[in-house]
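[1] What follows is a predicted protein model with its sequence.
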Protein chains: 2
Amino acid sequence: MRLVVVGGVAAGMSAAARARRLDATMEITVFEKGDTVSYGACGLPYFVEGRVKDWNQLVVHTAEYFRHERRIEVRTGAEVRSIEHHRRLVRLAGGEEVRYDKLVIATGARQDRRGIEGAEQPHVYSMNTIPEAIRLREYLRTARAGRATVIGAGYLGMEAIEALRTHGWKVRVVHGGRDFLRRGDGWLTETIEKHLARFGVEVRHGTRIKTVPSEGIVVLATGLTPHVELAQGGGVELGRTGAIRVSDRMETNLAGVYAAGDCAEAMHLVTERPAWIPLGTTANKMGRVAGAAAAGARERFAGIVGTAIVRVCGLGVGVTGLAETEARKEGFDPVAARVEALEKPHYFRGRKVQVELVANRRDGRLVGGAVIGDSGVEGRINVIATALTKKMTVEEFVDLDLAYAPPFSTVWDPLLIAAQNLNKLVH
Amino acid sequence: MRLVVVGGVAAGMSAAARARRLDATMEITVFEKGDTVSYGACGLPYFVEGRVKDWNQLVVHTAEYFRHERRIEVRTGAEVRSIEHHRRLVRLAGGEEVRYDKLVIATGARQDRRGIEGAEQPHVYSMNTIPEAIRLREYLRTARAGRATVIGAGYLGMEAIEALRTHGWKVRVVHGGRDFLRRGDGWLTETIEKHLARFGVEVRHGTRIKTVPSEGIVVLATGLTPHVELAQGGGVELGRTGAIRVSDRMETNLAGVYAAGDCAEAMHLVTERPAWIPLGTTANKMGRVAGAAAAGARERFAGIVGTAIVRVCGLGVGVTGLAETEARKEGFDPVAARVEALEKPHYFRGRKVQVELVANRRDGRLVGGAVIGDSGVEGRINVIATALTKKMTVEEFVDLDLAYAPPFSTVWDPLLIAAQNLNKLVH
C-alpha cells in the first residue's frame, strides 16, 4: 500500500504522520515544492518582527526527522505537476511518475495578487513564505525606518502592521473592503481603527489598489486563494467556495483521494454549510483525519465554527461564528449585544475587554461572537466557540459556570454580562 | 406586595436588586446581621495580603446606594431570629415582627469550627468576615514575620498561604483530608505540593487538629457549613447535602419562600443531582433568579458544573466537573488523560500548563477536568466547563475550533492534546 501526499506543511505532514502511526508498513511519500516541510507559517510575522530569531525555530520537525524517525520519504523541491487518477499516479516536474494507492492533496493556499500591478518590484514584500519573510526581515533590520503601505486588512495585514511598527515604521493600511478581518463587522472595525490611530496608523477602506505605490515600501497582505489547479486537473471537484469539496473523512469525489488544509473546505457548524476559512489549526486537524482515512481508519472531522484570533499593536482580537451582518446573509434573524467590562478586578490590574455576542432571535441560539482587549481575549473567544459547537442558546450561556477568583476574573464575567443583555433581546 | 430578604451579601442583594428591576412598586426590605452589605468576600484574602488597600474597595454598592438609588430598605446589624411562615412573618432579635408576602433566604455559610478547641484565642485568625480580615491584616502589617499554621487546605487555605507568604511568613498547612481542594485528586495535590515546596511551605495531610497550636499564629481556613438553622426552624426542608433544597426557580418546599447562595443547593449538571458548592458566582446567579421569582417572573437557574479556580503562590489551579475518584463514586466508569504542554510558543514566553481531562468510558462523555499553570488557566478551565454544561463527548472536544495565533496559544492547544490522548482510552 502506497500513500502519496502532495504538500508538506501543516496538513500534509499531519496526514503523513497520522497514517504512519496507524499503519507501520505503508509506504509514504511526501512531495513538497519548497525547501522546508512542517513549519509554522503563522509564526512568520513574528520572525519578520524579530521576536523569532531564526526561522528554523518555526520548523516543527525536519525532513530528516520524518525520514529517519517516522520512515516517511520526504522529497523537498519536488513539484507535482499532474494527477492521473485513472492510472493512480502523480507526475512531477521533470516527468517522473509516482504511483499511489491513496493520495492526500494538501497544496494549501497562495496569496491572491490578481489585479495588482507592480507586485514584482523590489520594494514590494510579503510574509507568506519563508524566503519572502527572510527578504522582508533583512530589509527591515538594515534599512532606516520610513513609510510603509500594507495592502490588505485581513489577519496577515494586521500582523504586518504590528511587525512594521515594531521596527519603527510609519504605517498606512489600504484595502478594498469596508471592514477589517473580512467580517462585515462595523463595530469590530471601528474598535481596531481607534486603537491603530494611537500608533499613527492611517487606514483607507474601500480603496482597491491596482498599481502598487512607488513611495516607501509595500507589504502585500492580500487575501488567500486555495491552490486547487492540480486537484482540478486530476478530476477533483470543488465546492461552492472554490476550495476542494470533501466529506467528513476528507475524501474528495474520487475514491481514495483526500484533501486537507488550506486547499479544502470544512463544514461550518453554525451555518451547516461548507466554508473555506484557511487556518493552521484546521489544517492540522484535517490532515490527521485525511491520514487516518488513507490508513483505513474511520475518523471524522466534525467541522469548524470560524474561530480566529490576531494581535495588532498589542490589542487582541478574537472572533468566532458569524458577525451580525454575516448571520443575516446566512438567513438568521440576528440580534447582538456588546459590553465593555473589566476582565479582572482593578486591584489585579484588570483591563477593559469588549465582548460581542450574536444570537438568532427566533430560537435564541448563539451564532457568533467577538472579544477585543489587551488581555483575557483567547480564553473568552474559546468559550464562545465551544458554545457554538454545541449550538448553545443565550439562555443556557447566561448560566455558564465560569471560574471566578479575583486574580483571574470578575464575579460577573464580561461574557455573562453580554449574555444577560442579549437574553433580553431574544425573548 | 412585600419582599423580605434575609442576608445582604451576594445572593441577598442580587435578589433584592433583581426584584426591584422587575417590579417598581414592590416593597423590599433586606436584613443583614453584619454592618456591611453587597461586598465581595472573595476579595478578603487580597485585602489581608495588602493588594486591596481598603476593604471598602470590595463593596460593590453601599446600603445608602440601595436605599436611595434602588428604593430597597436595607437594615444592617439586624438579625432575623425566626420565620413564622403560617403568619408570613419574620421575627428579629429584639422581638420586632416584619410581615412578608415573599421571602428570600440568603443566610450564606459559616466556617465550620466544630471539634477545634482554642479557636477563640487571640493568636488564631481567619479571613471569612470583614472584621476578622481586618484583625489579621493589622497584625501582619505590624508584627515581625514568624511561623504560621494554616488549618484547612481548601480554597481559603490556599489563599491564606499566599497572603502569609507575601508578608514573609514561614507557612505550614495542616488538614484532616488527603487531598487539596477536597477534590480527591492525587495528581492535583501532588502538583500543588511540589509547587508549595519551592516556597518552603510544609504540608501535613491527614492531620485533624483538635486543639490549635500554641506556637506562632494560626489561620483557620476550615470548610464551610451552610447556615440553615433559621430556615429549618421555619419549616424549610434541606436536601441530601445538608443545604436548603430548591427548585430551578430557587423555591423551597414552602410556597413563596426562596433560598439562594451559599445556604442552598444547586443542580449539578454532570451528576444530575443537587450539590452544595458554595461560591460567589453561583450565589449571584441564584440570587437573581430568586429575585425574579419573588417578583413573579419565570426565570430559572440551570445549575452548576463545579467550576472553581484559585491561585496559590502564583500558581493557577482550575477545576471543573468531577475528578476521576469522584466520578467513580458517582457511578461513572472514568478514564483520565493528563498532559503538560506549552500554552504559547517559546518565543512568546509560553509557560508550561498541565491539563487533566476525565471522561466516562462507556459513552465518551466528558465529566471533569483540571488545569494547572502559571498562566492560561482560567480560559482553558472555562472551555471545559462549557463543554460539560452541554454534555460534550471527548470525540467532539478533539475537534474544538479553538483560537490560534502565536501570541495566544500553540497550534495544538494543550486541551486538544489531552483530548486526543483521552480519546484513545474511551474507544
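    Sure, I can see it.
[2] what sits against the residue nearest to residue A:369 when sequence neighbours are not counted?
    If the residues on either side of it in the chain are set aside, residue A:369 comes closest to residue A:384, at 3.8 Å by Cβ to Cβ, 6 or more residues apart in numbering or on different chains. Just so you know, the C-beta spots here come from the backbone N, C-alpha and C atoms, and that holds for glycine as well. Residue A:384 sits next to A:320, A:321, A:357, A:366, A:368, A:369, A:371, A:415 when contact means Cβ atoms under 8 Å, 6 or more residues apart in numbering or on different chains.
[3] One more pass at 10 Å, please.
    By Cβ atoms under 10 Å, 6 or more residues apart in numbering or on different chains, the contact list for residue A:384 reads A:305, A:307, A:318-321, A:355-358, A:366, A:368-371, A:392, A:397, A:415, A:418-419, B:383, B:386, B:403.
[4] Quick one: buried ones out of these?
    A:305, A:307, A:318-321, A:355-358, A:366, A:368-371, A:392, A:397, A:415, A:418-419, B:383, B:386, B:403 (16 or more other Cβ atoms under 10 Å in any protein chain shown).
[5] my read: residue A:180 touches residue A:190, true?
    Yes. The pair residue A:180 and residue A:190 passes the contact test of Cβ atoms under 10 Å, sitting 9.2 Å apart.
[6] Which one's more surrounded, the two?
    residue A:180 (27 against 12; other Cβ atoms under 10 Å in any protein chain shown).
[7] Tell me the secondary structure at the residue in the stretch 201-350 of chain A that chain B sits nearest to.
    Taking Cβ to the nearest Cβ as the measure, the stretch 201-350 of chain A has residue A:309 as its residue closest to chain B, at 3.7 Å. The three-state label given to residue A:309 by DSSP: H, G, I helix; E, B strand; the rest coil is strand.
[8] what's the distance between the closest residue in space to it that isn't next to it in sequence and residue B:299?
    If you skip the residues right next to it in sequence, residue A:309 has residue B:403 as its closest partner in space, 3.7 Å away by Cβ to Cβ, 6+ apart. When distance is defined by Cβ to Cβ, to the nearest Å, residue B:403 is 32 Å away from residue B:299.
[9] now swap in residue A:335 and tell me
    For residue A:335, the distance to residue B:299 (Cβ to Cβ) stands at 19 Å.
[10] Now for the residue nearest to residue A:342 when sequence neighbours are not counted, how many residues are close by?
    Leaving aside its chain neighbours, residue A:342 sits nearest to residue A:350 (4.2 Å; criterion: Cβ to Cβ, 6+ apart). A total of 19 residues lie near residue A:350 under the criterion other Cβ under 10 Å.
[11] Run through the residues that contact residue A:350.
    When contacts are counted by Cβ under 10 Å, 6+ apart, residue A:350 is found next to A:341, A:342, A:343, A:344, A:375, A:376, A:406, A:407, A:408, A:409, A:410.
[12] how about the fifth one, secondary structure?
    Each residue gets one of three states, and residue A:375 gets coil by three-state DSSP.
[13] Restricting to C-alpha, output whichever strand or helix holds residue A:416 in PDB.
    Residue A:416 is part of helix A:414-426 when elements are defined by DSSP states H and E. As requested, the backbone C-alpha atoms of helix A:414-426 are provided in PDB (Å, rounded to 0.1, in the frame of the first residue of the first chain):
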ATOM      1  CA  PRO A 414     -17.900  40.200  30.700                       C
ATOM      2  CA  LEU A 415     -19.200  37.100  28.800                       C
ATOM      3  CA  LEU A 416     -22.100  36.700  31.200                       C
ATOM      4  CA  ILE A 417     -22.900  40.400  31.200                       C
ATOM      5  CA  ALA A 418     -23.100  40.300  27.400                       C
ATOM      6  CA  ALA A 419     -25.300  37.200  27.500                       C
ATOM      7  CA  GLN A 420     -27.600  38.800  30.100                       C
ATOM      8  CA  ASN A 421     -28.100  41.800  27.800                       C
ATOM      9  CA  LEU A 422     -28.600  39.600  24.800                       C
ATOM     10  CA  ASN A 423     -31.000  37.400  26.600                       C
ATOM     11  CA  LYS A 424     -33.400  40.400  26.900                       C
ATOM     12  CA  LEU A 425     -33.400  40.800  23.100                       C
ATOM     13  CA  VAL A 426     -34.200  37.200  22.200                       C
END
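[14] And that helix, what's buried?
    Residues A:414, A:415, A:416, A:417, A:418, A:419, A:420, A:421, A:422, A:423, A:426 are the ones in helix A:414-426 that count as buried (16+ other Cβ under 10 Å).
[15] Apart from its chain neighbours, what residue comes closest to whatever residue of the stretch 301-427 of chain A ends up closest to chain B?
    The shortest separation between the stretch 301-427 of chain A and chain B is 1.7 Å, found at residue A:379 (distances taken as Cβ to the nearest Cβ). The shortest distance from residue A:379 to any non-neighbouring residue, by Cβ to Cβ, 6+ apart, is to residue B:379 (1.7 Å).
[16] same deal with residue A:372?
    Residue A:372's closest residue in space is residue A:354 (Cβ to Cβ, 6+ apart), at 4.5 Å.
[17] do residue A:208 as well
    Residue A:208 sits nearest to residue A:176 (Cβ to Cβ, 6+ apart), 3.8 Å away.
[18] Just give me the neighbour total for the one you found.
    Other residues within reach of residue A:176, judged by other Cβ under 10 Å, total 16.
[19] Isn't it up against residue A:153?
    Yes. Residue A:176 sits in contact with residue A:153 when judged by Cβ under 10 Å, with a separation of 9.0 Å.
[20] Quick check: neighbours shared by these two?
    Taking Cβ under 10 Å, 6+ apart as the contact criterion, the residues that touch both residue A:176 and residue A:153 are A:204, A:205, A:222, A:223.
[21] So the closest residue to residue A:251 other than its chain neighbours: helix, strand or coil?
    The spatial neighbour of residue A:251 that comes closest, neighbours along the chain excluded (Cβ to Cβ, 6+ apart), is residue A:258 at 5.5 Å. Put simply, residue A:258 is strand when judged by three-state DSSP.
[22] try the one 3 residues further on
    Reducing the assignment to helix, strand or coil with three-state DSSP, the entry for residue A:261 is coil.
[23] How many residues are close by it?
    For residue A:261, the neighbour count with other Cβ under 10 Å is 35.
[24] One more: residue A:207?
    12.
[25] That one looks like it's in a helix, true?
    No. The assignment for residue A:207 (three-state DSSP) gives coil, which keeps it out of a helix.
[26] okay, which residue is most central for chain A?
    Nearest residue to the geometric centre of chain A (Cα atoms, centre = their mean): residue A:279, 2.4 Å.
[27] Export the buried residues of helix A:414-426 to JSON lines and append columns for pLDDT and distance to residue A:227.
    As requested, those are exported to JSON lines (pLDDT from 0 to 100; distance: Cβ to Cβ, whole Å):
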{"residue": "A:414", "pLDDT": "98", "distance to residue A:227": "40"}
{"residue": "A:415", "pLDDT": "98", "distance to residue A:227": "38"}
{"residue": "A:416", "pLDDT": "98", "distance to residue A:227": "43"}
{"residue": "A:417", "pLDDT": "98", "distance to residue A:227": "43"}
{"residue": "A:418", "pLDDT": "98", "distance to residue A:227": "39"}
{"residue": "A:419", "pLDDT": "98", "distance to residue A:227": "40"}
{"residue": "A:420", "pLDDT": "96", "distance to residue A:227": "45"}
{"residue": "A:421", "pLDDT": "97", "distance to residue A:227": "43"}
{"residue": "A:422", "pLDDT": "98", "distance to residue A:227": "40"}
{"residue": "A:423", "pLDDT": "96", "distance to residue A:227": "44"}
{"residue": "A:426", "pLDDT": "92", "distance to residue A:227": "41"}
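[28] Also near chain B: which of those, exactly?
    Intersecting these with the contacts of chain B gives A:415, A:416, A:420, A:423 (criterion: Cβ under 10 Å from any Cβ of the partner chain).
[29] got the contact list for the closest residue to the third one other than its chain neighbours?
    Counting by Cβ to Cβ, 6+ apart, residue A:398 is the residue found nearest to residue A:420 once chain neighbours are left out, at 5.7 Å. Contacts for residue A:398 were tallied using Cβ under 10 Å, 6+ apart; they are A:415-423, B:285, B:288, B:299, B:301-302.
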